[in-house]
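# okay, here's the prediction I keep looking at, along with the sequence it came from:
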2 protein chains.
Amino acid sequence: MLESSHATYLKNLVGEGNFYDDPPHLSAYAYDATKERHLPDGVIFARDEHDVSQILAYCNTHKIIVVPRGAGSGFTGGALSVRGGLILSLERMDQILEIDEKNLIARVQPGVINKHFQEVVQKRGLFYPPDPASQDQSTLGGNVSENAGGMRAAKYGITKDYVMALRAVLPNGDIIRAGKKTIKDVAGFNVAGILIASEGCLAVITEMTLKLLAQPKLRQSAMGVFNSIKEAMEAVYKSMASGVTPVAMEFLDSLTIQAVEQRFNKGLPIEAGAILITQVDGSVPEQISWQLQEIEKHFKENGCVDFKIAQTLQEEESLWFSRRNASQSISIYGKKKLNEDVTVPRASLPALLEEVGRISAEYGFAIPCFGHTGDGNVHVNIMLEDPENQLEQGQRAMEAIFKAAIALEGTLSGEHGIGLSKAKFMPLAFNESEMALFRRIKQAFDPNNILNPFKMGL
Amino acid sequence: MLESSHATYLKNLVGEGNFYDDPPHLSAYAYDATKERHLPDGVIFARDEHDVSQILAYCNTHKIIVVPRGAGSGFTGGALSVRGGLILSLERMDQILEIDEKNLIARVQPGVINKHFQEVVQKRGLFYPPDPASQDQSTLGGNVSENAGGMRAAKYGITKDYVMALRAVLPNGDIIRAGKKTIKDVAGFNVAGILIASEGCLAVITEMTLKLLAQPKLRQSAMGVFNSIKEAMEAVYKSMASGVTPVAMEFLDSLTIQAVEQRFNKGLPIEAGAILITQVDGSVPEQISWQLQEIEKHFKENGCVDFKIAQTLQEEESLWFSRRNASQSISIYGKKKLNEDVTVPRASLPALLEEVGRISAEYGFAIPCFGHTGDGNVHVNIMLEDPENQLEQGQRAMEAIFKAAIALEGTLSGEHGIGLSKAKFMPLAFNESEMALFRRIKQAFDPNNILNPFKMGL
């Protein structure tokens, strides 16, 4: 419970409809996509940057924990108030402030939904590439705080590649600007760079200047069917080392193919070891066909038994249907899934998938995999049929997979962040000097440790 | 002077030929491209990461200033030991450790020369885009520490876009790793992101994992002649907003054209208000011709009176000759040049150049300009005929240009960094909260302030 003097102050600050400490509201802000529940002591909605500054200055003085929150669609508990305090919702700061077509730049508030933003810029012939799977719900502020990825990363990179400048409020209430509306800017430390992916632990982002691209004029998709996952994984990195850069290069393993087919009956090749679905884009038709020819060549040299190019928009939709419905379909294998987004250098994908197969056999869990192989990012899903009795064993299997990824020079998280869920695995990836440096950086921004504490293993 | 016990310790640490405190060596390491001179107390050459760690740990204990140095080709004094201490040269850590063609990644030591690296990867059909004008001398470690740009930034971005991971030594001697060999990595704070462009003030970089691209198969260059600089600047941003992304879009103003012509007699259009030189690349001929057609269209719609496409390699060389020789040619306008790399959003280039014209008239200095207009980065050169008597006035003119750039949402530095030369201008760009945050970040990495202190206005 917040002391009533704090509640009164905060309610007066933001107005009646923007502060709550009644049980229904606290309950509504106790969850995120992890399905863990942690009740906060209050929920406050900032209307603008000035509100954010006043709220933080007050909470810093009174040592009240503040957990910034966008849509709460994160997979690692970053927006959960694990030890009480205030949820600071940025949902109502949801304005697209400027679309500058001359410089291909947009200025937005943190509460803008990714998908909405994509649609608005698309109407002007522009393109914002980062497309996390959560794009229908997740906010751009959340995307920046977690450095969200998506399917187009192989060609277009991830959120950090589109952040030109930020405005943010430090825990003491100070408003800072970081970065510039220019491609080149080397004045001062790269504060914008460290706020990206900082999971709301260093400052509260109040405005973002994002880079846009002109919309590519043409695109086309294709699918390759492989007898074995190993061959498919080799086809991925060999295609991409050849000089083609597809927008996306996604894969489904055999368990995932079978699950989608069982659920939707789309005529997928259920005998296949894996399928790869790819998309290329460009400005002239010859560029499209050159890329598809190169990919077909490398696929076939690496065991692709069927290669199909989508000739119509409908065929394209149908190719992508299986990938988009992979995540929900695999629920046939168990009541609970432990899903993680391990990422390795592309050429290590064959070894990673081999290791996952070994761990699946050792622990006796089905582990369907799919994901963004174009950038080495695999969604690994450990399926538990009896979650109550298998959870601990499942987590041990996941730890074995993390260890395998790190041994292959990969990372604990390609997209989801660390938050609470992966905090305990941080020592697998970082040594004591590195963890100590993280703590000193946290302290440089947040000496009272009020902003989203107890996250990232800090 | 270093105390003799320190000199003895350090000499024993790295061996006879890797430590010097005799006047000729101190003299040789007292300069950089600023032509300022600051004598250090000693010069030490690290042979490996272990040396760097031992040197820093010792100097941290004894509070000895350490200034890391690559080739000393910087324009802002970042490698100068402004108040004595030790120059830590990374020149001898110059190995290319790995070129991983499967993942399109290279691992290098900091002392590798940019141009050498470019040539080595080119022989394997690979491509490292960042090409600062200093590429023949400057080291990759220096490039990362300054976040070097170059001509290809319009399409390919700058050094930070190619740094995947770093190894570095903290001032206390701790060795840390930051970043990963993966496109996606969101585990822990983005320490690599803040080390880039930190001008050797936070840690000493000992190894870099850099992203490579496949070499583009085709490229072609073109030149457009304009009657006025304003029309040329409008042609730049309108071309680039149309969806074409040229590799480079460089400009020369009329003073620069006349200087190059006077010096080299190449038949340049000396009546022109400006010329733009551009290059496009791609995989298929149709992609090249589409881009050149688009650029020609936008150039001609914006006052281009002559558009010429290079048809042979020789013609291409000849187009680029004037741009490459711009910097040395403008010396006809004065004995000393104050050259700065102000950068604004592209659509503000017409306004910036207009303002430079006004300042030139007001202060009575010739101010030839050229540079990377594709990314809004203009090299502004205030030419002093009588440096001794005009320096102060020249610096005031430069300050007026900085203020104009910042008023146009630009930056103090697009490429050169802050170092010593621009330190006094930091308050033009950053408020007290932002400067205080920079100082706290510096302290988080370097609590004893031994690493390249007194730089960046900190």
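Here it is on my side, so go on.
# show me the domain layout of chain A.
A:4-89, A:96-214, A:218-408 (the TED database).
# highest mean neighbour count out of the ones you listed?
domain A:96-214 (a mean of 23; mean count of other Cβ atoms under 10 Å in any protein chain shown). Where C-beta positions appear, they are placed from N, C-alpha and C, glycine not excepted.
# skipping its backbone neighbours, what lies nearest A:H25 in space?
Using Cβ to Cβ, 6 or more residues apart in numbering or on different chains and skipping the chain neighbours, the partner closest in space to A:H25 is A:V43 (5.2 Å).
# tell me the contacts of the one you found?
By Cβ atoms under 8 Å, 6 or more residues apart in numbering or on different chains, the contact set of A:V43 is A:F19, A:Y20, A:D21, A:H25, A:L26, A:A28, A:Y29, A:L86, A:I87, A:S89.
# and the first one, how far is that from chain B?
Just to be clear, that refers to A:F19. 26 Å (Cβ to the nearest Cβ, to the nearest Å).
# that residue touches A:A7, doesn't it?
Yes: judged on Cβ atoms under 8 Å, A:F19 makes contact with A:A7 at a distance of 7.3 Å.
# common neighbours of the two, please.
A:G42.
# please enumerate the strands of the stretch 351-458 of chain A.
A:369-372, A:377-384 (DSSP state E, counting those that start in this stretch).
# so what are the sheet partners of the first one and their directions?
Listed by DSSP bridges, the sheet partners of strand A:369-372 and their directions read strand A:248-253 (antiparallel), strand A:377-384 (antiparallel).
# what would these look like in TSV with mean pLDDT?
Putting the strands paired with strand A:369-372 into TSV (pLDDT from 0 to 100) gives the following:
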stretch	mean pLDDT
strand A:248-253	95
strand A:377-384	95
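# between these, which one is nearest to B:D51?
strand A:377-384 (36.7 Å; Cβ to Cβ).
# helix or strand for A:P246, which one?
Using DSSP states H and E, A:P246 maps to neither a helix nor a strand.
# and it, what does it touch?
A:A154, A:K155, A:S239, A:M240, A:T278, A:Q279, A:V280, A:Q291, A:I295, A:G374.
# could you look up the SS state of the nearest residue to A:K102 once chain neighbours are set aside?
Leaving aside its sequence neighbours, A:K102 sits nearest to B:A347 (Cβ to Cβ, 6+ apart; 3.5 Å). Following DSSP: H, G, I helix; E, B strand; the rest coil, the label given to B:A347 is helix.
# tell me the confidence at B:A347?
pLDDT recorded at B:A347 is 92.
# cool, the one 3 residues further on as well?
Reading off the confidence values, B:P350 has pLDDT 93.
# would you list every one of the helices in the stretch 251-400 of chain A?
Counting by DSSP state H, counting those that start in this stretch, the stretch 251-400 of chain A has helices at residues A:254-264, A:285-301, A:313-324, A:326-329, A:349-363, A:387-407.
# among those helices, which is nearest B:G78?
With Cβ to Cβ as the criterion, B:G78 lies closest to helix A:387-407 of those, at 34.6 Å.
# got the angle between that closest one and strand A:377-384?
With axes from the mean of the first three to the mean of the last three Cα atoms, to 10 degrees defining the directions, helix A:387-407 sits at 150 degrees from strand A:377-384.
# from the contact counts, what lies against helix A:387-407?
For helix A:387-407, the contact count by 3 or more Cβ pairs under 8 Å, 6 or more residues apart in numbering or on different chains; DSSP states H and E identifies strand A:336-343, helix A:349-363, strand A:377-384, helix A:426-429 as packing neighbours.
# I'd like to check the angle between that helix and strand A:336-343, please.
10 degrees.
# for the stretch 151-300 of chain A, what spans make up the strands?
Under DSSP E, counting those that start in this stretch, the stretch 151-300 of chain A gives strands at A:163-169, A:175-179, A:204-211, A:213-214, A:218-226, A:248-253, A:274-282.
# what's opposite A:T411 in the beta bridge?
Beta bridges link A:T411 to A:T343, judged by DSSP bridges.
# residues near it, how many?
27 (other Cβ atoms under 10 Å in any protein chain shown).
# do the one 3 residues further on as well
Look at A:G414: counted by other Cβ under 10 Å, it has 31 neighbours.
# and the gap between the residue in the stretch 1-150 of chain A positioned nearest to chain B and B:E234?
Closest residue of the stretch 1-150 of chain A to chain B, Cβ to the nearest Cβ: A:K102 (3.5 Å). Separation of A:K102 from B:E234 (Cβ to Cβ, to the nearest Å) stands at 10 Å.
# re the thing from before, can you redo the strands of the stretch 351-458 of chain A as a markdown table with distance to B:T182?
As requested, these are exported to a markdown table (distance: least, Cβ to Cβ, whole Å):
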| stretch | distance to B:T182 |
| --- | --- |
| strand A:369-372 | 11 |
| strand A:377-384 | 8 |
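# and those: which comes nearest A:N431?
strand A:377-384 (24.2 Å).
# ok, the closest residue to A:P129 other than its chain neighbours - contacts?
Spatial nearest neighbour of A:P129, chain neighbours left out: A:Y156 (3.6 Å); criterion: Cβ to Cβ, 6+ apart. Listed by Cβ under 8 Å, 6+ apart, the contact partners of A:Y156 are A:P129, A:P130, A:L213, A:V247.
# list just the nearest of these to A:N227.
Nearest member of those to A:N227, counting by Cβ to Cβ, is A:V247, at 25.9 Å.
# so that closest one makes contact with A:L218?
No: here A:V247 does not reach A:L218: they are 11.3 Å apart, not a contact under Cβ under 8 Å.
# who touches both of those two?
A:D281.
# I'd like to know how far A:D375 sits from chain B.
Distance from A:D375 to chain B, by Cβ to the nearest Cβ: 4 Å.
# same question for A:I330.
Taken as Cβ to the nearest Cβ, the span from A:I330 to chain B is 21 Å.
# any idea how far stretch A:353-369 is from the chain center?
Here stretch A:353-369 is found 24 Å from its chain centre; the criterion is Cα atoms, centre = their mean, to the nearest Å.
# on that earlier part again, now do the contacts for the residue nearest to A:K102.
By Cβ under 8 Å, 6+ apart, the neighbours of B:A347 are A:D100, A:K102, A:N103, B:Y237, B:A241.
# and if we set it to 6 Å?
Neighbour list for B:A347: A:K102, A:N103, B:Y237 [criterion: Cβ atoms under 6 Å, 6 or more residues apart in numbering or on different chains].
# any chance of the residues you listed in JSON lines, with pLDDT and distance to A:V169 too?
Below are the contacts of B:A347 laid out as JSON lines (pLDDT from 0 to 100; distance: Cβ to Cβ, whole Å):
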{"residue": "A:K102", "pLDDT": "91", "distance to A:V169": "29"}
{"residue": "A:N103", "pLDDT": "93", "distance to A:V169": "26"}
{"residue": "B:Y237", "pLDDT": "90", "distance to A:V169": "32"}
